[in-house]
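# Give me a 3D structure for the following:
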Amino acid sequence: MARACVVGSGIAGLASAIRLREKGYDVSVFEANAYPGGKMHAEIYEGYRFDLGPSLFTLPHLVDELFELCGVNPKDHLPYIQKEVLCNYFWEDGTRFSAPADTGRFIREAAQTFGEPQKNIRDYLLKNQKKYELTAPLFLEKSLHRLQTYTSGQTLKALLSAGGLGIFTSLNGLNQASFSNPKLVQLFNRYATYNGSNPYKTPGIMSMIPHLEMGMGTYYPKGGMHRIPMSLYELACSRGVAFTFNTPVSRILTRKGRATGIQVGQQEFPADVVVSNMDIYPTYRKMLPDHKAPERTLSQERSSSALIFYWGMNRVFPDLDLHNIFFSADYPGEFRKIFQEKTLSEDPTVYINVTAKESPEDAPPGGENWFVMINAPGDYGQDWDALVKQARKAILTKLSRMLSVPLEDCIAVEEVLTPCGIAARTSSYRGALYGAASNNRFAAFLRHPNFSQRIKDLYFAGGSVHPGGGIPLSLLSAKIVSDAVPTP
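Numbers count the residues shown, from 1 in each chain. Predicted coordinates for the structure are as follows:
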């Protein structure tokens, strides 16, 4: 049987392993950490359970598809619910908006809250849907680096519509042209952070991102986000995929222009196909040191990272839901700090995820588990101890004021994760959450392809390569890899 080696067991590594196994390969996965899932890990701190990484679940059919591929009912292994509230939004002037998942209700209630004509909101959401439906088959579901992608009618249709896709304006520029209320502009600008980009730089085509949430739903997996990779790990094991943990791969082996396996320490493991789920930067720098690296790709601007506080709170907060956003009063200044000055804003936008709202067992009775995140620059050698201290004070002051509760007294447990910590745990270059940023109109084409153009039988999956970061795109990258790998 033909063999495939997968380097890394992040969500894309797991999906690649499952797909290759079902394609007929004998698959072995090698993981440097002691657990599968990559960024999607979880910990329990003194009775409070936290998902350490991604907290938003959209396009669940991409996970279901992996179970169905194996002839298994996904509901038996990863049950999930659709949320009726997308997110609770808070502004400094006291404005609050609980965004309904139902599109009709969203349009009506947003129009009332922000004084915006319903037609403006409806037209905007419809355009987002059309952008997604027009471009997803090209930009997300196929390789941008193969000629046949550009010979389809769908591609021609997308290219002919380029002027209306928002490619030639920023997301902020498009949103300002769509709405009169600056709060509504800010609400839709925040979707740039879903791929670690700057709304004042990233192209307006990114306005299709809200459609993933508003048009297709936000979900919560029973047991928390950690259940997603764990269910896929269990599925892979049941199909005969072999996993080896605590085993960093030192080199991808090549011979005469082909990938021939991997090396772990002094031991070699031959393979007919190698898939790297490792960040593309260390893949080249550490595992392919003798091969010419794509320097233009590796030198791209990195996406934002995150500074995360895991707070076990000793009380319940009725104002909060699963997803909550407390906006900065100076949004342009916040992104200028992150991307230009490589530091933190004195007034950061704060995201709070509380899984105890859906899984009460995630916190002791009468308490809540707060995943408190602010957008941050990657690790460029900043004094993170000082920045953590600065951010903690700013976050507590902001939230205490906006929730009218002295929050310092409510924190029973605290852990912190910085960009350098993210880099150390996940081998993500500079701790960037999404690989390269999408701060220019050509970013999608500059991402590394899902296959090597110089080394045959070497493939790449995960958030640092095409089509991008986040759970859905990482799963799609694994599908692109599987479609590209020849049937043994």
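
# what about residue 129, which SS state?
helix (DSSP: H, G, I helix; E, B strand; the rest coil).

# How many residues are close by it?
17 (other Cβ atoms under 10 Å). Bear in mind the C-beta positions are built from the backbone N, C-alpha and C, glycine included.

# Over to the one 4 residues further on?
Counted with other Cβ under 10 Å, the neighbours of residue 133 add up to 12.

# can you pull the pLDDT of it?
Per-residue confidence at residue 133 stands at 87 (pLDDT).

# I'd assumed it was in a helix, is it?
Yes: secondary structure assignment places residue 133 in a helix (three-state DSSP).

# outside of stretch 121-132, which residues touch it?
Contacts with stretch 121-132, where a contact means Cβ atoms under 8 Å, 6 or more residues apart in numbering, come from 103, 106-107, 110-111, 164-166, 178-179, 184, 188, 205, 207-208, 210-212, 214-215.

# So in the chain, where's the weakest helix or strand by average pLDDT?
Sorted by mean pLDDT, DSSP states H and E, the helices and strands of the chain end with helix 153-160, the least confident at a mean of 51.

# Buried only: go through the contacts of stretch 121-132 for me.
Of the members of these, the ones counted as buried by neighbours, 16 or more other Cβ atoms under 10 Å, are 106-107, 110-111, 165-166, 178-179, 184, 188, 205, 207-208, 210-212, 214-215.

# These in helices, which ones?
The subset of the buried ones among the contacts of stretch 121-132 located in helices under the criterion DSSP state H comprises 106, 107, 110, 111, 178, 184, 188, 210.

# which two from the residues you listed end up farthest apart in space?
Greatest spatial distance among those (Cβ to Cβ): 111 and 210, at 16.1 Å.

# thinking residue 349 is in contact with residue 328, fair?
Yes: the criterion here is Cβ atoms under 8 Å, and residue 349 meets it with residue 328 at 4.5 Å.

# Now the common contact residues for these two.
Any residue near both residue 349 and residue 328 by Cβ under 8 Å, 6+ apart counts here, and that gives residue 334.

# the domain parsing of this protein - what is it?
Following automatic domain parsing, one gets these domains for the chain: 1-34+245-300+442-488, 39-101+217-226+304-433, 103-215.

# And these: which comes nearest residue 238?
Distances from residue 238 to each of those were compared using Cβ to Cβ; the shortest belongs to domain 39-101+217-226+304-433, at 7.9 Å.

# Run through the stretch 51-200 of the chain and note the low-pLDDT ranges.
Within the stretch 51-200 of the chain, the segments meeting pLDDT under 70 span 138, 140-166.

# Strands of that one, residue ranges please.
Residue ranges of the strands in the stretch 51-200 of the chain, as given by DSSP state E, counting those that start in this stretch, are 80-82, 85-90, 96-100.

# Give the other helices and strands that the longest one contacts.
In this structure, strand 85-90 makes packing contacts with strand 96-100, strand 323-326, judged by 3 or more Cβ pairs under 8 Å, 6 or more residues apart in numbering; DSSP states H and E.

# okay, the angle between the longest one and strand 85-90?
Taking axes from the mean of the first three to the mean of the last three Cα atoms, to 10 degrees, strand 96-100 and strand 85-90 form an angle of 170 degrees between their directions.

# In its sheet, which strands sit next to strand 96-100, and in what direction?
Taking DSSP bridges as the criterion, strand 96-100 pairs within the sheet with strand 85-90 (antiparallel).

# go on, the shortest one?
Its sheet considered, strand 323-326 pairs with strand 85-90 (parallel), strand 350-353 (antiparallel) by DSSP bridges.

# can you count the residues close to residue 341?
Counted with other Cβ under 10 Å, the burial measure for residue 341 works out to 11 neighbours.

# quick one, phi psi at it?
Taking degrees, to the nearest 10, you get phi -90, psi -10 for the backbone angles of residue 341.

# contacting residues for it?
With contact set as Cβ under 8 Å, 6+ apart, residue 341 has these partners: residue 377.

# looking at the domains of the chain, which is buried most?
Per-residue neighbour counts averaged over each of these give the maximum for domain 1-34+245-300+442-488, namely a mean of 21 (mean count of other Cβ atoms under 10 Å).

# Quickly note the distance from the closest residue in space to residue 371 that isn't next to it in sequence to residue 43.
With Cβ to Cβ, 6 or more residues apart in numbering as the criterion, residue 371 has its nearest non-adjacent residue at 4.0 Å, and that residue is residue 353. Using Cβ to Cβ, to the nearest Å, we find residue 353 at a distance of 14 Å from residue 43.
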